[in-house]
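K.L.:
show me the folded form of this:
(one chain, ligands or ions: 2)
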Amino acid sequence: MKVRFLAADSMGTRSMCTLIEAGDARIIIDPGAALGPRRYGLKPHQLEYERLSEHKELIESEAAEADLIIITHYHYDHFPRPGEEVGWLMGKRILLKDPVNHINFSQRWRAKIFLEELKKIDAKVEIADSREIKIGRCRVAFSKPVQHGNDSRLGFVLETLISSGGEKVVHSSDVEGFVGEVQIKFVLEHEPDMLICDGPMTYMLGSRFTEIELERSINNLLEIIKRGFLHELVIDHHLMRDLEWKSRIRGLLDAAESRGIHVTNAARYTGLPEDLLEARRRELYEKFRNPGTKS
Ligand SMILES: [Fe+2]
Ligand SMILES: [Fe+2]
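P.N.:
Numbers count the residues shown, from 1 in each chain. Ligands and ions are numbered 1, 2, ... in the order given. As a prediction, this is how the structure comes out:
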(Lines give C-alpha, C1' and ligand atoms only; values in the text may rest on other atoms or scores of the structure.)
(Ligands and ions follow the chains in the order given, each with its own letter.)
Protein backbone atom coordinates (compact mmCIF):
# COMPACT_ATOMS: atom_id res chain seq x y z
CA MET A 1 0.00 0.00 0.00
CA LYS A 2 1.14 3.51 -0.74
CA VAL A 3 0.18 6.31 1.65
CA ARG A 4 0.48 9.99 0.77
CA PHE A 5 -0.70 13.04 2.65
CA LEU A 6 -2.29 15.73 0.48
CA ALA A 7 -2.73 18.23 3.31
CA ALA A 8 -2.02 18.24 7.04
CA ASP A 9 -1.24 20.59 9.91
CA SER A 10 2.44 19.63 9.69
CA MET A 11 2.29 20.75 6.04
CA GLY A 12 0.75 24.13 6.87
CA THR A 13 -3.06 23.78 6.86
CA ARG A 14 -5.60 22.21 9.21
CA SER A 15 -6.27 18.84 7.61
CA MET A 16 -5.73 15.06 7.76
CA CYS A 17 -6.29 14.45 4.05
CA THR A 18 -4.81 11.08 3.17
CA LEU A 19 -4.50 9.31 -0.17
CA ILE A 20 -4.12 5.54 0.04
CA GLU A 21 -3.33 3.47 -3.02
CA ALA A 22 -4.19 -0.08 -2.05
CA GLY A 23 -3.94 -2.62 -4.85
CA ASP A 24 -7.09 -2.07 -6.87
CA ALA A 25 -8.27 1.01 -5.02
CA ARG A 26 -7.37 4.66 -4.80
CA ILE A 27 -8.98 6.10 -1.70
CA ILE A 28 -9.00 9.63 -0.30
CA ILE A 29 -9.91 10.12 3.34
CA ASP A 30 -11.24 13.58 4.34
CA PRO A 31 -10.82 15.75 1.22
CA GLY A 32 -10.79 19.09 3.00
CA ALA A 33 -8.41 21.69 4.41
CA ALA A 34 -8.95 24.88 6.40
CA LEU A 35 -7.13 27.54 8.42
CA GLY A 36 -7.43 28.34 12.11
CA PRO A 37 -9.58 31.50 12.15
CA ARG A 38 -7.69 33.11 15.09
CA ARG A 39 -4.35 32.26 16.62
CA TYR A 40 -2.51 34.52 19.10
CA GLY A 41 -5.33 36.96 18.29
CA LEU A 42 -4.22 37.01 14.65
CA LYS A 43 -6.11 36.10 11.49
CA PRO A 44 -4.42 33.70 9.03
CA HIS A 45 -1.32 35.11 7.32
CA GLN A 46 -1.14 35.46 3.53
CA LEU A 47 1.33 32.56 3.41
CA GLU A 48 -1.29 30.33 5.04
CA TYR A 49 -3.90 31.31 2.44
CA GLU A 50 -1.43 30.49 -0.33
CA ARG A 51 -0.69 27.08 1.21
CA LEU A 52 -4.43 26.44 1.58
CA SER A 53 -4.96 27.07 -2.14
CA GLU A 54 -2.10 24.70 -3.01
CA HIS A 55 -3.52 21.97 -0.77
CA LYS A 56 -7.05 22.34 -2.09
CA GLU A 57 -5.81 22.22 -5.70
CA LEU A 58 -3.87 19.05 -4.96
CA ILE A 59 -6.85 17.41 -3.23
CA GLU A 60 -9.13 18.24 -6.16
CA SER A 61 -6.71 16.98 -8.80
CA GLU A 62 -6.01 13.73 -6.91
CA ALA A 63 -9.75 13.20 -6.33
CA ALA A 64 -10.24 13.01 -10.11
CA GLU A 65 -8.48 9.61 -10.09
CA ALA A 66 -9.99 8.32 -6.82
CA ASP A 67 -12.30 5.28 -6.67
CA LEU A 68 -13.63 6.18 -3.26
CA ILE A 69 -13.88 9.30 -1.12
CA ILE A 70 -14.39 8.97 2.64
CA ILE A 71 -15.68 11.72 4.93
CA THR A 72 -15.21 10.94 8.64
CA HIS A 73 -17.20 13.91 10.01
CA TYR A 74 -18.51 17.33 9.07
CA HIS A 75 -15.88 19.82 10.14
CA TYR A 76 -14.60 22.08 7.38
CA ASP A 77 -11.01 20.92 7.70
CA HIS A 78 -12.30 17.49 6.53
CA PHE A 79 -14.74 18.28 3.70
CA PRO A 80 -15.68 21.28 1.49
CA ARG A 81 -17.55 24.14 3.12
CA PRO A 82 -20.74 25.65 1.60
CA GLY A 83 -20.02 27.87 -1.38
CA GLU A 84 -16.92 25.93 -2.39
CA GLU A 85 -16.87 24.36 -5.82
CA VAL A 86 -17.65 20.61 -5.51
CA GLY A 87 -17.75 19.67 -9.21
CA TRP A 88 -14.59 17.63 -8.66
CA LEU A 89 -16.73 15.16 -6.70
CA MET A 90 -19.08 14.63 -9.64
CA GLY A 91 -20.23 11.01 -9.92
CA LYS A 92 -17.83 9.87 -7.20
CA ARG A 93 -18.56 7.10 -4.75
CA ILE A 94 -18.57 8.77 -1.32
CA LEU A 95 -18.82 6.90 1.97
CA LEU A 96 -19.61 9.31 4.75
CA LYS A 97 -20.49 9.66 8.40
CA ASP A 98 -24.21 9.13 9.06
CA PRO A 99 -25.63 12.65 8.61
CA VAL A 100 -28.64 12.07 10.89
CA ASN A 101 -27.75 9.66 13.71
CA HIS A 102 -24.96 10.07 16.29
CA ILE A 103 -24.25 13.59 15.18
CA ASN A 104 -24.47 16.98 16.86
CA PHE A 105 -26.66 19.85 15.70
CA SER A 106 -24.05 21.86 13.75
CA GLN A 107 -22.66 18.84 11.91
CA ARG A 108 -26.17 17.61 11.04
CA TRP A 109 -26.92 20.99 9.52
CA ARG A 110 -23.60 21.10 7.60
CA ALA A 111 -24.13 17.53 6.34
CA LYS A 112 -27.62 18.37 5.07
CA ILE A 113 -26.33 21.28 2.97
CA PHE A 114 -23.41 19.19 1.65
CA LEU A 115 -25.68 16.27 0.70
CA GLU A 116 -27.95 18.63 -1.24
CA GLU A 117 -24.90 19.78 -3.23
CA LEU A 118 -23.78 16.18 -3.83
CA LYS A 119 -27.22 15.29 -5.18
CA LYS A 120 -26.86 18.00 -7.85
CA ILE A 121 -23.61 16.45 -9.11
CA ASP A 122 -24.83 12.85 -9.06
CA ALA A 123 -22.37 11.63 -6.41
CA LYS A 124 -22.98 8.08 -5.20
CA VAL A 125 -23.40 8.61 -1.47
CA GLU A 126 -23.55 5.86 1.16
CA ILE A 127 -23.55 5.90 4.96
CA ALA A 128 -20.32 4.43 6.28
CA ASP A 129 -20.87 3.96 10.04
CA SER A 130 -19.83 0.44 11.21
CA ARG A 131 -19.80 -0.81 7.61
CA GLU A 132 -17.34 -2.89 5.66
CA ILE A 133 -16.91 -2.90 1.87
CA LYS A 134 -14.54 -4.40 -0.68
CA ILE A 135 -13.01 -2.76 -3.73
CA GLY A 136 -11.33 -5.59 -5.61
CA ARG A 137 -9.03 -7.19 -3.04
CA CYS A 138 -8.98 -4.07 -0.86
CA ARG A 139 -11.09 -4.12 2.30
CA VAL A 140 -12.39 -0.89 3.82
CA ALA A 141 -13.98 -1.00 7.29
CA PHE A 142 -15.39 1.75 9.48
CA SER A 143 -15.73 2.04 13.24
CA LYS A 144 -18.97 2.85 14.93
CA PRO A 145 -19.17 6.61 15.65
CA VAL A 146 -16.70 7.56 18.39
CA GLN A 147 -16.55 10.83 20.28
CA HIS A 148 -14.79 13.77 18.62
CA GLY A 149 -11.77 14.28 20.89
CA ASN A 150 -12.50 15.17 24.49
CA ASP A 151 -15.78 17.00 23.98
CA SER A 152 -19.06 15.16 23.35
CA ARG A 153 -20.63 18.47 22.22
CA LEU A 154 -18.39 18.32 19.13
CA GLY A 155 -20.15 15.18 17.94
CA PHE A 156 -18.74 11.95 16.55
CA VAL A 157 -16.17 10.77 14.00
CA LEU A 158 -15.48 7.53 12.14
CA GLU A 159 -12.17 5.68 12.18
CA THR A 160 -11.23 3.88 8.94
CA LEU A 161 -9.34 0.67 8.24
CA ILE A 162 -7.85 0.02 4.80
CA SER A 163 -6.50 -3.48 4.32
CA SER A 164 -4.81 -4.87 1.22
CA GLY A 165 -2.07 -7.36 0.33
CA GLY A 166 -1.55 -8.31 3.99
CA GLU A 167 -1.03 -4.69 5.08
CA LYS A 168 -3.37 -2.67 7.29
CA VAL A 169 -3.64 1.08 7.80
CA VAL A 170 -5.98 2.83 10.27
CA HIS A 171 -6.87 6.54 9.97
CA SER A 172 -8.31 7.59 13.32
CA SER A 173 -9.69 11.06 12.39
CA ASP A 174 -10.28 13.68 15.13
CA VAL A 175 -9.81 11.67 18.32
CA GLU A 176 -7.32 14.21 19.73
CA GLY A 177 -4.76 11.58 20.66
CA PHE A 178 -7.26 8.95 21.77
CA VAL A 179 -8.51 10.77 24.84
CA GLY A 180 -10.98 7.95 25.54
CA GLU A 181 -10.57 4.19 25.77
CA VAL A 182 -13.56 3.64 23.45
CA GLN A 183 -11.64 5.44 20.69
CA ILE A 184 -8.73 2.95 20.74
CA LYS A 185 -10.94 -0.17 20.52
CA PHE A 186 -11.07 -0.09 16.71
CA VAL A 187 -7.26 0.09 16.52
CA LEU A 188 -6.76 -2.76 19.01
CA GLU A 189 -9.34 -4.87 17.19
CA HIS A 190 -7.72 -4.48 13.75
CA GLU A 191 -4.01 -4.37 14.74
CA PRO A 192 -2.81 -2.15 11.87
CA ASP A 193 0.81 -1.93 10.70
CA MET A 194 0.37 1.81 10.30
CA LEU A 195 -1.71 4.23 12.36
CA ILE A 196 -2.50 7.74 11.12
CA CYS A 197 -3.59 9.53 14.22
CA ASP A 198 -4.82 12.93 15.36
CA GLY A 199 -2.52 13.82 18.28
CA PRO A 200 -3.54 15.43 21.58
CA MET A 201 -4.75 19.04 21.45
CA THR A 202 -1.84 20.43 23.50
CA TYR A 203 -2.12 23.97 22.13
CA MET A 204 -5.30 24.25 24.20
CA LEU A 205 -3.65 22.85 27.34
CA GLY A 206 -5.09 24.51 30.43
CA SER A 207 -8.26 25.66 28.67
CA ARG A 208 -10.09 23.22 26.38
CA PHE A 209 -7.62 20.35 26.99
CA THR A 210 -6.47 19.33 30.45
CA GLU A 211 -3.22 17.80 31.75
CA ILE A 212 -5.26 14.72 32.74
CA GLU A 213 -6.55 14.37 29.18
CA LEU A 214 -3.00 14.66 27.84
CA GLU A 215 -1.90 11.92 30.23
CA ARG A 216 -4.84 9.77 29.10
CA SER A 217 -3.92 10.34 25.43
CA ILE A 218 -0.33 9.29 26.02
CA ASN A 219 -1.40 6.25 28.06
CA ASN A 220 -3.84 5.15 25.35
CA LEU A 221 -1.16 5.54 22.66
CA LEU A 222 1.29 3.62 24.87
CA GLU A 223 -1.32 0.86 25.20
CA ILE A 224 -1.47 0.63 21.38
CA ILE A 225 2.32 0.61 21.07
CA LYS A 226 2.76 -2.09 23.73
CA ARG A 227 0.61 -4.57 21.79
CA GLY A 228 3.44 -4.95 19.27
CA PHE A 229 1.53 -4.85 15.96
CA LEU A 230 2.41 -1.28 14.94
CA HIS A 231 5.39 -0.39 12.72
CA GLU A 232 4.60 3.19 11.78
CA LEU A 233 2.81 5.91 13.75
CA VAL A 234 1.99 9.13 11.92
CA ILE A 235 0.79 11.67 14.47
CA ASP A 236 -0.49 15.02 13.24
CA HIS A 237 -3.45 17.44 13.15
CA HIS A 238 -4.25 18.96 16.61
CA LEU A 239 -0.76 18.12 18.00
CA MET A 240 0.93 20.02 15.16
CA ARG A 241 -0.60 23.31 16.30
CA ASP A 242 2.00 23.29 19.10
CA LEU A 243 5.66 24.13 18.37
CA GLU A 244 6.63 22.13 21.50
CA TRP A 245 4.87 18.98 20.31
CA LYS A 246 7.87 16.71 20.68
CA SER A 247 8.47 17.58 24.32
CA ARG A 248 4.74 17.16 25.12
CA ILE A 249 4.83 13.50 24.07
CA ARG A 250 8.49 12.75 24.89
CA GLY A 251 7.60 9.60 26.92
CA LEU A 252 5.62 8.20 24.00
CA LEU A 253 8.38 8.96 21.48
CA ASP A 254 10.97 7.21 23.68
CA ALA A 255 8.72 4.18 24.24
CA ALA A 256 8.03 3.88 20.50
CA GLU A 257 11.71 4.19 19.61
CA SER A 258 12.71 1.50 22.12
CA ARG A 259 10.24 -0.86 20.39
CA GLY A 260 11.48 0.00 16.89
CA ILE A 261 8.29 1.85 15.94
CA HIS A 262 8.86 4.74 13.55
CA VAL A 263 7.03 7.87 14.72
CA THR A 264 6.67 10.80 12.36
CA ASN A 265 4.21 13.41 11.11
CA ALA A 266 2.50 13.74 7.72
CA ALA A 267 5.01 16.24 6.29
CA ARG A 268 8.06 14.16 7.13
CA TYR A 269 6.38 10.94 6.01
CA THR A 270 5.67 12.62 2.66
CA GLY A 271 9.31 13.77 2.38
CA LEU A 272 8.53 17.45 3.02
CA PRO A 273 9.96 19.73 5.70
CA GLU A 274 7.76 20.19 8.78
CA ASP A 275 6.00 23.53 8.32
CA LEU A 276 3.71 24.40 11.21
CA LEU A 277 2.37 27.63 9.74
CA GLU A 278 -0.50 28.12 12.21
CA ALA A 279 1.75 27.57 15.24
CA ARG A 280 4.25 30.01 13.67
CA ARG A 281 1.62 32.62 12.80
CA ARG A 282 3.02 35.28 15.15
CA GLU A 283 6.48 34.77 13.67
CA LEU A 284 5.05 34.95 10.12
CA TYR A 285 3.58 38.37 10.86
CA GLU A 286 6.92 39.54 12.33
CA LYS A 287 9.05 38.20 9.47
CA PHE A 288 6.88 38.69 6.43
CA ARG A 289 4.70 41.71 5.90
CA ASN A 290 1.18 40.48 5.29
CA PRO A 291 -0.22 42.13 2.15
CA GLY A 292 -3.65 42.04 3.76
CA THR A 293 -2.64 44.18 6.78
CA LYS A 294 -1.29 47.66 7.41
CA SER A 295 2.31 47.83 8.62
FE1 LIG B 1 -13.10 17.74 13.73
FE1 LIG C 1 -10.09 18.16 12.25
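
K.L.:
look up the closest residue to Glu21, ignoring the ones flanking it.
P.N.:
Lys2 (4.2 Å; CB to CB, 6 or more residues apart in numbering). Yep, even glycine has a C-beta here, placed from its N, CA and C like the rest.

K.L.:
show the model's pLDDT score for the one you found.
P.N.:
The confidence metric pLDDT takes the value 97 at Lys2.

K.L.:
with Ser61 instead?
P.N.:
pLDDT at Ser61 comes out at 98.

K.L.:
and it, how far is that from Leu272?
P.N.:
Taking CB to CB, to the nearest Å as the measure, Ser61 falls 17 Å from Leu272.

K.L.:
so where's the stretch 101-250 of the chain uncertain?
P.N.:
Of all residues in the stretch 101-250 of the chain, none has pLDDT under 70.

K.L.:
tally of neighbours for the residue nearest to Glu21?
P.N.:
Neighbours of Lys2 under the rule other CB atoms under 10 Å: 8.

K.L.:
next: Met1.
P.N.:
Using other CB under 10 Å, Met1 is surrounded by 19 other residues.

K.L.:
show me which of Ser61 and Leu272 is the more surrounded one.
P.N.:
Each of Ser61 and Leu272 has its neighbours counted (other CB under 10 Å); Leu272 has more, 15 against 11.

K.L.:
which one is that one nearest to, not counting chain neighbours?
P.N.:
Closest residue to Leu272 apart from its sequence neighbours, by CB to CB, 6+ apart: Met11 at 6.1 Å.

K.L.:
isn't that neighbour up against Gly271?
P.N.:
No: at 11.0 Å, Met11 does not count as touching Gly271 under the criterion of CB atoms under 8 Å.

K.L.:
between the two, which one's more packed in?
P.N.:
Shown here are Met11 and Gly271; by other CB under 10 Å, Met11 has more neighbours (28 against 7).

K.L.:
ok, the more buried one - contacts?
P.N.:
Counting by CB atoms under 8 Å, 6 or more residues apart in numbering, Met11 makes contact with Phe5, Arg51, His55, Ala266, Ala267, Thr270, Leu272, Asp275.

K.L.:
of those, keep whichever come out buried.
P.N.:
Buried residues within the contacts of Met11, counting neighbours by 16 or more other CB atoms under 10 Å: Phe5, Arg51, His55, Ala266, Ala267, Thr270, Asp275.

K.L.:
now the third one: how far from ligand 1?
P.N.:
Put plainly, it is His55. The gap separating His55 from ligand 1 is 17 Å, by CB to the ion, to the nearest Å.

K.L.:
show me what the closest residue to that residue other than its chain neighbours bridges to in the sheet.
P.N.:
In this structure, His55 finds its nearest non-sequential neighbour in Ala7, 3.7 Å apart by CB to CB, 6+ apart. Beta-bridge partners recorded for Ala7 (DSSP bridges): Cys17.

K.L.:
show me which residues of this structure sit near ligand 2.
P.N.:
Residues of the chain lying near ligand 2 by CB under 5 Å from the ion: Asp77, Asp174.

K.L.:
now the helices for the chain?
P.N.:
Using DSSP state H, the helices of the chain run over 46-63, 105-120, 181-190, 211-226, 245-248, 250-258, 266-270, 281-287.

K.L.:
in TSV: those, plus distance to Ile162.
P.N.:
Listed next are these as TSV, based on distance: least, CB to CB, whole Å:
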stretch	distance to Ile162
helix 46-63	16
helix 105-120	22
helix 181-190	10
helix 211-226	17
helix 245-248	26
helix 250-258	22
helix 266-270	16
helix 281-287	34
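
K.L.:
out of the ones you listed, deepest packed?
P.N.:
Among the helices of the chain, helix 266-270 has the highest mean neighbour count (mean count of other CB atoms under 10 Å), at a mean of 20.

K.L.:
what's that one in contact with?
P.N.:
By CB under 8 Å, 6+ apart, helix 266-270 touches 3-5, 8-11, 16, 18, 196, 232, 234, 236, 273-275.

K.L.:
so how do I select the buried members of those in PyMOL?
P.N.:
Here is the PyMOL command that selects only those of those that count as buried (16+ other CB under 10 Å):
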select buried, resi 3+4+5+8+9+10+11+16+18+196+232+234+236+275
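
K.L.:
among the contacts of helix 266-270, which two are most distant?
P.N.:
Spatial extent of the contacts of helix 266-270 (CB to CB) is set by the pair Glu232 and Asp275 at 20.8 Å.

K.L.:
hmm, back to that, ok, now which ones touch the residue nearest to Glu21?
P.N.:
Contacts of Lys2 by CB under 8 Å, 6+ apart are Ile20, Glu21, Ala22.
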